[in-house]
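Undergrad: Below are the sequence and a predicted model for it; my questions follow.
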Amino acid sequence: MSTIFSKIIAGDIPADIVYQDELVTAFRDINPQAPTHILIVPNKEIATVNELSEEDERVAGRLLLVAKKLAAQEGIAEDGYRLMINCNAHGGQEVFHVHMHLLGGRPLGPMLMRR
Ligand code: AMP
């Protein structure tokens, strides 16, 4: 039942890992949508934001703090960037292991596709 992201976190399949600590791992998206496109993922397998619980508060906060650190490291903090977490079908979630997208390096346009 291990997700592809759990396999990356465990080192079982390769990825361009840019950060790892006891709570989260960050690696470059395999299909980048912007010059910087990094996924920040809880080491613990949590399927969607809907499954987050009170005990996940530290890991949830860590996602944001690592995003901030990586944005600075990537040199995109000043110009700005976007943080995004997709949930289930309407959110367009494809991998059912919570992950935050860090996107930047160019103007990203409107937040949502216009209908
Ligand atoms: P989401 O639609 O929010 O679930 O995003 C899933 C993201 O995971 C997509 O942007 C994919 O390109 C990315 N992805 C899928 N498999 C891999 C992988 N093996 N390594 C890195 N990124 C991946």
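TA: Yes, it's here.
Undergrad: so does stretch 2-17 get close to the ligand?
TA: Yes. Legend: contact between stretch 2-17 and the ligand by C-beta under 6 Å from any ligand atom is shown at 4, 15. C-betas here are computed from N, CA, C, even on glycine.
Undergrad: Stretch 77-91 too?
TA: Yes. Residues of stretch 77-91 are located near the ligand by C-beta under 6 Å from any ligand atom, namely N86.
Undergrad: Tell me the helices and strands packed up against whichever helix in the chain runs longest.
TA: If you go by DSSP state H, the chain has its longest helix at helix 57-74. Packing contacts for helix 57-74, counted by 3 or more C-beta pairs under 8 Å, 6 or more residues apart in numbering; DSSP states H and E, involve strand 17-20, strand 24-28, strand 36-42, strand 81-84, strand 100-104.
Undergrad: OK, contacts around R58?
TA: Residues in contact with R58 (C-beta atoms under 8 Å, 6 or more residues apart in numbering) are L23.
Undergrad: Which residues of this protein lie near the ligand?
TA: 4, 15, 27, 29-31, 39, 86, 92-95.
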